[in-house]
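Engineer: Everything below, folded, please.
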Amino acid sequence: MADEKDSTQPKQAPKTAHDDDVAGKAYDSRLMRRLLTYLRPYKLQVVLSAIATILKSACDSAGPLLVMIAVDTYMAAKPPEQLPWLARQLSHYPIPPMRGVTLIAAIYLGLLLSTFLLELMQTYLMQWTGQKVMFDMRSQIFRHLQRMAPAFYDRNPVGRLVTRLTSDVDALNEMFTSGVLAIFEDVFTLVFIIAIMIWKSWPLALLTLAVIPAILFVTRIFRAKVRESYRRQRAATAKINSFMQEYVSGMSIVQLFNRERRAFNDFSAVNAENKQAWTDAIFAYAWYYPVVEFLSSSAIGLILWRGGEAILHNAAFLKAAATLGLHPDHAPGFFGTVTVGVLIGFIQYAQRFFRPIMDLSEKYNILQAAMAASERVFKLVDTEPTILSPAYPIPGNATGSIEFRNVWFTYDQQAAKAVAPGLASETWVPDPDIEWILRGVSFIVSPGEAAAIVGHTGAGKTTIISLMMRFYDIQHGQILIDGVDVRDQDLSALRRRFGVVLQDPFLFTGTIADNIRLGTGWITDADIEKAAAEVNVSDFIHSLPLHFDEPVRERGATLSTGQKQLIAFARALAHAPAILILDEATSSVDTETEHRVRLALSRMITGRTSVLIAHRLSTVQSADTILVMHKGQLRERGTHQQLLTQRGLYYKLYQLQYRDQELATPSPDPVPSTA
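Structural biologist: Reported below is the predicted structural model:
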């Protein structure tokens, strides 16, 4: 086919402008304040984790200080006047050097053990809190999605919504578990290290900090590169999710038309974008960390150079300081306060000092990812549902009546915003520039009556039943169910009145019983069995190994279209609806299954109002009234025989479907059996 002519090289992925392309700020106080509200139920765990973080930073910073004391007090054999204050205090006690070194080593080991326990506590608490926040946030998003009207899903691809619920929430979890408190830990560690270094020798501390401007310059370039790579990663990830969702769902069509190579090339283009974005980010990390390592090693070299010089000239300076009456602790410059232990400790502090700086650069990316993700998540959560229950709902009379009064409707949301919803006023004039789907439709379906809606494709048949259940709001007129406007009724109570069987039945993963019950608690196993028997699907179900407990895979992949349709009939019947709607419910089934459905149809519509939509007129001939739609208008209404007598639109539809029967039958207006 034409696919064989397609190039095997990945082409450039199409550019789409959407919110996944936005990288976001590294920090947004408004978004951060809102994110922190999710931590309120777990503030005890957060406080304990923060305390553990501070104590852990202090324990980490105390290690090199103990090394200074051990070297200067018990290994260097320095006179007391050359020792730091804490070392001089320890030297007052007549402890053998080996015992002193062992004591300090034990203290060091205790600090390491404390660091381990504090890190275990901090990691567990924040991971636990992060999972709780993810659970709460995903529950909130899913509840919000359930409240959104179908018009929202008409505008938003499923793949993008799945990305909000998965990848974006994962990014927020990483911020809570590895971002905010980790940043505080790095900051506290830097503060402790700088304070100790200044205390021990401020000149050496300044040498250590001398390379900070160069590191900040390199980090600025690194962040710009990674920010751009991150933006492209997020956009490519969203494209991959949307592409996979669409093409996996339509894989049968791809294979039917031999479009595998074309689909693979399209996917390769999107996948190549993602790969290139990650490659650029990896390259940025590849040069950033070695540069920072080189600068930190340069700082250590400066410390060795100037600190070693200070130690070599230490004795001469102390002699001069003593002549001037200057105490060693208050000696200026590089001398007097620098010992071998201080030099070793400074080298260790310098090695530890640059590690949090590199970590902060990594946390910058986590924070930026979280800010971008939170902006997209909150944009979704802040999207208000367009269809809500009224504050004071009015219950219907439970009769099952349906009435349309001069209903005008369009799917064009922008045009709809310019139209103020109104009632059936005589002065209202429709805008001729709007593409109206329904144009002044008015009809009544009495309680217990079976009504059928027929017409060409696009006439507005399915739109009518969507408006009955208030999936969309009309722009003008009124729709009354049980004698009350649908806009004045509680949505749950309104939709509970309906049982719907669509042309394309949808089954969920679970069992057959689960798909019939759909979580409705009052439906018993006996009700499920009765409903299945009434729609003639009980024999098939009992032929399965596990009967009603037989597993159903995604979208009922293991069942035929007819079997899925019959289960959908049983689902609708089990919920005992007051109004039954069948939207092309028999158009996708074989003749035998349709015969079984039509036999059950008379039992299903008994005692309830029914609305049948069908292209095949054989399905609707026994209806009490037939509504003929044409280009959004109700053109004819009557029984099957009355409409044939009028010889209008319905008669033409009938002639098209039964021309062969007309030629073979001598009767001028043959009416097929309504059995």
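Engineer: Which residues are in contact with the spatially most central residue of the chain?
Structural biologist: Centroid check for the chain by Cα atoms, centre = their mean gives Leu165 as the closest residue, at 1.4 Å. Counting by Cβ atoms under 8 Å, 6 or more residues apart in numbering, Leu165 makes contact with Arg138, Ile141, Phe142. Any C-beta I mention is one placed from the backbone N, CA and C, and that applies to glycine too.
Engineer: Which among those count as buried?
Structural biologist: Arg138, Ile141 (16 or more other Cβ atoms under 10 Å).
Engineer: Could you dump the contacts of Leu165 into a markdown table and include distance to Ala151 and secondary structure?
Structural biologist: Formatted as a markdown table, the contacts of Leu165 follow (distance: Cβ to Cβ, whole Å; DSSP: H, G, I helix; E, B strand; the rest coil):
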| residue | distance to Ala151 | secondary structure |
| --- | --- | --- |
| Arg138 | 23 | helix |
| Ile141 | 18 | helix |
| Phe142 | 19 | helix |
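Engineer: so the residue nearest to the centre of the chain sits in a helix?
Structural biologist: Yes. Assigned with DSSP: H, G, I helix; E, B strand; the rest coil, Leu165 falls within a helix.
Engineer: thinking again about what came up before, want to try CSV for the contacts of Leu165, with distance to Pro157 and pLDDT as columns?
Structural biologist: As requested, the contacts of Leu165 are exported to CSV (distance: Cβ to Cβ, whole Å; pLDDT from 0 to 100):
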residue, distance to Pro157, pLDDT
Arg138, 19, 90
Ile141, 16, 91
Phe142, 17, 90
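Engineer: Check the contacts of Leu165 against Thr386 and report the nearest one.
Structural biologist: Nearest to Thr386 among the contacts of Leu165 is Ile141, at 17.7 Å by Cβ to Cβ.
Engineer: Would you check that the closest one makes contact with Val169?
Structural biologist: Yes. Counting by Cβ atoms under 8 Å, a contact exists between Ile141 and Val169, whose distance comes to 7.5 Å.
Engineer: Mutual contacts of these two, please.
Structural biologist: Residues touching both Ile141 and Val169 (Cβ under 8 Å, 6+ apart): Val377.
Engineer: Tell me which residues are up against stretch 128-141.
Structural biologist: 38-39, 41-42, 45-46, 49, 164-165, 169-170, 172-174, 176-177, 377, 380-381.
Engineer: Buried subset of those residues, written for PyMOL?
Structural biologist: For the buried members of the contacts of stretch 128-141, the matching PyMOL selection, counting by 16+ other Cβ under 10 Å, is:
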select buried, resi 38+39+42+45+46+49+164+165+169+172+173+174+176+177+377+380+381
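Engineer: Tell me where the protein has strands.
Structural biologist: Assigned by DSSP state E, the strands in the chain fall at 402-409, 438-445, 450-455, 476-481, 484-485, 498-501, 510-511, 551-552, 579-583, 609-613, 625-630, 633-638.
Engineer: what packs against the fifth one?
Structural biologist: To tie it back to what came earlier, the one meant is strand 484-485. Contact partners of strand 484-485 among helices and strands, from 3 or more Cβ pairs under 8 Å, 6 or more residues apart in numbering; DSSP states H and E: none.
Engineer: Please state the offset of the helix ranked longest in the chain from the chain centre?
Structural biologist: Across the chain, the longest stretch assigned as helix under DSSP state H is helix 260-312. Remark: helix 260-312 is offset 30 Å from the chain centroid, using Cα atoms, centre = their mean, to the nearest Å.
Engineer: In stretch 355-374, which residues are buried?
Structural biologist: Quick answer for stretch 355-374 (16+ other Cβ under 10 Å): 356-374.
Engineer: And the helices in the stretch 101-250 of the chain, which stretches?
Structural biologist: 150-155, 158-163, 169-178, 180-209, 212-249 (DSSP state H, counting those that start in this stretch).
Engineer: For the second one, could you pull out the residues that count as buried?
Structural biologist: When neighbours are counted by 16+ other Cβ under 10 Å, the buried residues of helix 158-163 are found to be Gly159, Arg160, Leu161, Thr163.
Engineer: The helices of the stretch 101-250 of the chain into JSON lines, with extra columns for distance to His595 and mean pLDDT?
Structural biologist: JSON lines is the format used below for these (distance: least, Cβ to Cβ, whole Å; pLDDT from 0 to 100):
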{"stretch": "helix 150-155", "distance to His595": "33", "mean pLDDT": "83"}
{"stretch": "helix 158-163", "distance to His595": "36", "mean pLDDT": "80"}
{"stretch": "helix 169-178", "distance to His595": "49", "mean pLDDT": "82"}
{"stretch": "helix 180-209", "distance to His595": "65", "mean pLDDT": "81"}
{"stretch": "helix 212-249", "distance to His595": "31", "mean pLDDT": "79"}
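Engineer: taking the ones you listed together, which one is wrapped up most tightly?
Structural biologist: helix 169-178 (a mean of 21; mean count of other Cβ atoms under 10 Å).
Engineer: name the helices or strands packed onto that one?
Structural biologist: Helix 169-178 packs on helix 97-147, helix 340-381, going by 3+ Cβ pairs under 8 Å, 6+ apart.
Engineer: comparing the ones you listed, which gets the lowest mean pLDDT score?
Structural biologist: Ranked by mean pLDDT, the helices and strands packed on helix 169-178 bottom out at helix 340-381, with a mean of 81.
Engineer: so how far is that helix off the chain centroid?
Structural biologist: The chain centroid and the centroid of helix 340-381 are separated by 26 Å under Cα atoms, centre = their mean.
Engineer: try stretch 102-116
Structural biologist: Worked out by Cα atoms, centre = their mean, stretch 102-116 lies 45 Å from the chain centre.
Engineer: in that stretch, what counts as buried?
Structural biologist: Within stretch 102-116, the residues that count as buried by 16+ other Cβ under 10 Å are Ile104, Tyr108, Leu111, Ser114, Thr115.
Engineer: Nearest to Thr399 among those residues?
Structural biologist: Thr115 (73.6 Å).
Engineer: For the closest one, list the residues it contacts.
Structural biologist: Counted by Cβ under 8 Å, 6+ apart, Thr115 has contacts Lys56, Cys59, Asp60.
Engineer: List the contacts of the second one.
Structural biologist: Meaning Cys59. Leu111, Leu112, Ser114, Thr115, Leu118.
Engineer: which residues of the protein score low on pLDDT?
Structural biologist: Flagging of the chain using pLDDT under 70 yields the residue ranges 1-27, 76-97, 179, 311-337, 413-427, 585-594, 596-598, 600, 658-675.
Engineer: let's see 50
Structural biologist: 1-10, 14-18, 331-336, 422-424, 660-675 (pLDDT under 50).
Engineer: Turn the strands of the chain into a markdown table, columns for mean neighbour count.
Structural biologist: Putting the strands of the chain into a markdown table (neighbours: other Cβ atoms under 10 Å) gives the following:
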| stretch | mean neighbour count |
| --- | --- |
| strand 402-409 | 21 |
| strand 438-445 | 18 |
| strand 450-455 | 24 |
| strand 476-481 | 22 |
| strand 484-485 | 18 |
| strand 498-501 | 22 |
| strand 510-511 | 16 |
| strand 551-552 | 16 |
| strand 579-583 | 23 |
| strand 609-613 | 25 |
| strand 625-630 | 22 |
| strand 633-638 | 17 |
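Engineer: In TSV: these, plus distance to Tyr650.
Structural biologist: Formatted as TSV, the strands of the chain follow (distance: least, Cβ to Cβ, whole Å):
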stretch	distance to Tyr650
strand 402-409	19
strand 438-445	15
strand 450-455	7
strand 476-481	24
strand 484-485	30
strand 498-501	23
strand 510-511	42
strand 551-552	39
strand 579-583	19
strand 609-613	14
strand 625-630	5
strand 633-638	6
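Engineer: and of those, who's closest to Ala269?
Structural biologist: Nearest of these (Cβ to Cβ): strand 551-552, 35.9 Å.
Engineer: Run the chain-centre distance for the closest one.
Structural biologist: 27 Å.
Engineer: mind starting the numbering at 23 from now?
Structural biologist: Happy to do that; since the first residue is 23 now, the last one works out to strand 573-574.
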